[in-house]
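[1] I need the structure of the sequence given here:
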Amino acid sequence: MTTSYDCNDAAQRAAGLEHAQKAIRENKCVVLPTDTVYGIGADAFSPMAVTLLLAAKGRSRQMPPPVLIPRLNALDGLATEVPAEARKLAEAFWPGGLTLILHAQPSLDWDLGETKGTVALRLPADDVAQDLLTLTGPLAVSSANRTGRPAAQTAAEAEAMLAESVEVYLEGGRRPVDGEAESAPSTIIDATSLPLRVVRQGAISLERIREVVPGVLGAGEEPAAETATDEPAESPTAEPSTESPAAEAPAVEPAEAKPAAETPEA
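    Numbering: from 1, shown residues only. The predicted structure follows:
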């Protein structure tokens with residue numbers, strides 16, 4: 001049975017968080033506010049729960065959900081080979097509207113879909129979300145809407161789309177809280193290779209990101225080709241070189257998890 005709680009009321013908030021924690025333990029889905037839009041969440045370590053989340057949205061395994069974490073130090077527990085540049089961005093913008101695509105820890109027993117060994121992580125700047133994540137641990141969370149429809153900005157909007165597929169709706173008021181007419185999803189950065197690359201522009205501008213890590217590529221940008229440097233004159237007896245004066249810069253491929261970022265996410 002679906003239940004909605006008004007988290008602006010202290011008693012309802014406490015009851016709602018308790019019910020949501022129980023629902024997550026039972027592999028059910030919940031809707032929660034974040035600092036960007038409302039999200040539909042499920043236990044990230046339960047393949048059954050993730051399958052139900054994807055089904056509620058009408059989404060395939062080819063579009064795996066991001067994972068919300070309760071604190072910064074969870075980063076190293078879920079991801080590996082974290083570049084120093086990605087760590088700088090996390091320290092600067094978490095909690096907040098930044099999602100980092102990273103290599104997932106290979107030892108983790110989870111199945112988020114066809115991630116090709118990556119995971120998209122975010123630490124949301126929302127009290128209700130953080131309280132729930134503290135109780136449950138990492139949650140697979142996607143925007144609370146049917147695929148192809150606008151992301152919900154209230155739990156009531158989410159319920160109109162997701163209905164009985166969700167056990168608990170935590171209503172925290174309009175998101176984002178400043179009441180903007182249009183909600184901005186998180187900015188997503190592919191940090192699985194260097195240079196880092198924006199794969200979806202969102203709540204945090206490229207200008208702000210480059211204040212922390214100047215070399216981050218914008219969406220659609222390519223790395224600048226290296227230019228040839230002056231070489232010393234060859235010895236008369238040296239064999240002619242067959243090498244190009246400057247090696248081509250390798251193309252940076254988007255992370256395999258990118259399809260999950262093509263529609264607004266929490």
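[2] ranges for the strands of the stretch 51-200 of the chain?
    When assigned using DSSP state E, counting those that start in this stretch, the strands of the stretch 51-200 of the chain occupy the ranges 67-68, 79-80, 98-104, 118-122, 139-143, 168-171, 187-190, 197-200.
[3] Looking at those, which is nearest to D6?
    Using Cβ to Cβ as the measure, strand 168-171 is the one of the strands of the stretch 51-200 of the chain that comes nearest D6, at 5.2 Å. Quick note: C-beta positions are derived from backbone N, CA and C, even for glycine.
[4] okay, stretch 99-116 in CSV with CA atoms only?
    Extracted in CSV, the C-alpha atoms of stretch 99-116 (Å, rounded to 0.1, in the frame of the first residue of the first chain):
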residue,chain,number,x,y,z
THR,A,99,27.4,13.4,-10.4
LEU,A,100,30.7,11.7,-11.1
ILE,A,101,31.0,8.6,-13.4
LEU,A,102,33.8,6.5,-12.0
HIS,A,103,35.1,2.9,-12.2
ALA,A,104,33.1,0.8,-9.8
GLN,A,105,34.8,-1.3,-7.2
PRO,A,106,35.0,-4.7,-8.8
SER,A,107,34.4,-6.6,-5.5
LEU,A,108,31.0,-5.0,-4.9
ASP,A,109,28.0,-7.4,-5.1
TRP,A,110,25.5,-5.3,-7.0
ASP,A,111,23.8,-5.1,-10.4
LEU,A,112,22.7,-1.7,-11.5
GLY,A,113,22.2,-2.7,-15.2
GLU,A,114,24.6,-2.5,-18.1
THR,A,115,27.2,-0.2,-16.5
LYS,A,116,30.3,-1.7,-18.2
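[5] Now do the contacts for L89.
    By Cβ atoms under 8 Å, 6 or more residues apart in numbering, the contact list for L89 reads L98, L100, I189, A191, L196, I209, V212, V213, V216.
[6] so can I have CSV of the strands of the stretch 51-200 of the chain showing distance to K88?
    Written out in CSV, the entries for the strands of the stretch 51-200 of the chain read as follows (distance: least, Cβ to Cβ, whole Å):
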stretch, distance to K88
strand 67-68, 20
strand 79-80, 15
strand 98-104, 11
strand 118-122, 15
strand 139-143, 24
strand 168-171, 32
strand 187-190, 11
strand 197-200, 15
